[in-house]
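Colleague: Build me a model from this:
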Amino acid sequence: MFKKLSILCLSILFCASVVWAADSAGNRKDQMARIGIKTGIHLMYLVTAPFVLEMPGEDWTFGLVYGSGDLESTQTSTTYDSSSGYETVTVTDTWNFSTTELTARYYFGNSFNIPFGLAMYNISKDNWKHSDGTTWDLDYKMTQLNFGVGNDWTFDWGGYIAADWVQGGAKLSEKASATLKTGTETSATKAKAETTSTEQQALQGQ
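Modeller: This is a model prediction of the structure:
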């Protein structure tokens, strides 16, 4: 019963919102700037929850997106010692995520639009420890061209809701680096550190 009531209330609110935003094109034209928060099922958006600053218009909207946040990654390994036997070791690393985007939307009519833009995603970790005792600063950067399909309802009272139903991306460039902080660098430890840095692209769902 509660679930049905919740769905009914959400449906009423959605329909009312569309009515209030019946002239989204005109409402956008009257605005000078607007701010918001971007989220979604993409891990970068979930972790960084970036802020959005936009300059809206009747046919075009241009914006800047930026946010950062931390994500913990836990790894468990088993080691063997002749005196104590097998021992399970759990290591928790904290990775820093940041999202920067230059965006634009082109509108076909009232609310339907094509969002696109240039995105720069970064994942880094300071003082990552190798099993041989060395420590490294790891960094992974990727530049991507995003594009999608969405709707943008702008209400008479000034608020707005933008939903990008589908978003894809074309990778333009990427770079992974590992910088030694303490210890003695060898080709094996350097390769492992660089591999760990590169593997962080999987966290982005790319």
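
Colleague: excluding its backbone neighbours, what's nearest the most centrally placed residue in the chain?
Modeller: The chain has Met44 as the residue nearest its centroid, 2.2 Å off, counting by Cα atoms, centre = their mean. Spatially, and ignoring its direct neighbours in sequence, Met44 is nearest to Thr99 (5.1 Å; Cβ to Cβ, 6 or more residues apart in numbering). Where you see a C-beta, it was placed from the backbone N, CA and C, and this is true even at glycine.

Colleague: quick one: the one you found and Leu43 touch, right?
Modeller: No: using Cβ atoms under 8 Å, Thr99 makes no contact with Leu43, being 10.3 Å away.

Colleague: which one of the two has more residues nearby?
Modeller: Here Thr99 and Leu43 are set side by side on neighbour count (other Cβ atoms under 10 Å), and the busier one is Thr99, at 23 against 17.

Colleague: From Leu46, how far out is that one?
Modeller: Using Cβ to Cβ, to the nearest Å, we find Thr99 at a distance of 10 Å from Leu46.

Colleague: Okay, strands next: where are they in the chain?
Modeller: 34-37, 51-55, 60-81, 85-107, 112-129, 135-154, 160-182 (DSSP state E).

Colleague: partners of the first one, with directions?
Modeller: Looking at strand 34-37 with DSSP bridges, its partner strands are strand 51-55 (antiparallel).

Colleague: Could you tell me which residues within the partner strand count as buried?
Modeller: By neighbour count, and taking 16 or more other Cβ atoms under 10 Å as the criterion, the buried residues in strand 51-55 are Val52, Glu54.

Colleague: Stretch 104-121 now?
Modeller: Taking 16+ other Cβ under 10 Å as the basis for neighbour counts, the residues of stretch 104-121 that come out buried are Arg105, Tyr107, Asn110, Ser111, Asn113, Pro115, Phe116, Gly117, Ala119, Met120, Tyr121.

Colleague: before we move on, what about stretch 28-43?
Modeller: So for stretch 28-43, counting by 16+ other Cβ under 10 Å, buried means Arg28, Arg34, Gly36, Lys38, His42, Leu43.

Colleague: cool, and stretch 122-135?
Modeller: Residues of stretch 122-135 classed as buried by neighbour count (16+ other Cβ under 10 Å): Asn122, Ile123, Ser124, Lys125, Trp128, His130, Thr134.

Colleague: Next: stretch 149-164.
Modeller: Buried residues in stretch 149-164, counted by 16+ other Cβ under 10 Å: Gly150, Asn151, Asp152, Trp153, Thr154, Phe155, Tyr160, Ile161, Ala162, Asp164.
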